[in-house]
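>>> Compute the structure for the input listed below.
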Amino acid sequence: IYEYEPEIQVTSRLRVERKDGRKQWIWVTRSSNGSSERHLPGATVCFFGSDKSMLEGILESGREIQRRRREKYLTVVQVYDYGKDHGLNWLHPQDKDRKQPGRSISSVVLPRCPLTGLDQAEALMEDAREFLASEMWYTERGIPYRRGYMLYGVPGGGKSSL
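Numbering: from 1, shown residues only. Alright, predicted model coming up:
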């Protein structure tokens, strides 16, 4: 997987290798505003041919790069008031300076849970793992598959890291 970010409003030509081993040219143009509602960057990818598996491969590579980026950083999404006419919106951090390196769960020091003997961070993680493994149980019973946690405490206590 190669990571390449072209300049805004400039078309770049790249030669990529297809699954069958042949090489093909693609053209990428990055736009400054892919979606006017969310103000997120976008891109246009052009190539000649009818084999859509190449485009699917490019998109899958992009998803993999984004997944790796998310693993390295903790992304905090905030709600802000966009004005009385528009209601509330989500504020999505787009720059790396607005993201923080993720904190190790072992660095979060919380008291032990009296029921399980685990510290509260471990108990919360265990509960989340158990919930994620039980989707079929919820589906079979027609129960909405969702879970929420309300965390509170002093600043720097590790709430966002959990």
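
>>> Could you use CA atoms for every contact and neighbour count after this?
Noted.

>>> longest helix anywhere in the chain?
Assignment by DSSP state H gives helix 52-72 as the longest helix of the chain.

>>> Go through it and flag the buried ones.
Under the neighbour-count criterion of 16 or more other Cα atoms under 10 Å, helix 52-72 has 54-55, 58, 62 buried.

>>> What residues sit buried inside the helix or strand containing residue 12?
For residue 12, the host element (DSSP states H and E) is strand 11-17. If you call a residue buried by 16+ other Cα under 10 Å, then strand 11-17 has these buried ones: residue 11.

>>> Give me the below-cutoff pLDDT ranges for this protein.
1-6, 33-41, 70-103 (pLDDT under 70).

>>> how does it look with 50?
Along the chain, the parts satisfying pLDDT under 50 run over 1, 34-36, 95-97.

>>> what does the domain assignment say about it?
Listed by automatic domain parsing, the domain ranges of the chain are 11-72, 103-162.

>>> Does anything pack onto the longest strand along the chain? Which helices or strands?
In the chain, assigned by DSSP state E, the strand with the most residues is strand 23-35. If you count contacts as 3 or more Cα pairs under 8 Å, 6 or more residues apart in numbering; DSSP states H and E, strand 23-35 packs onto strand 11-17, strand 40-46.
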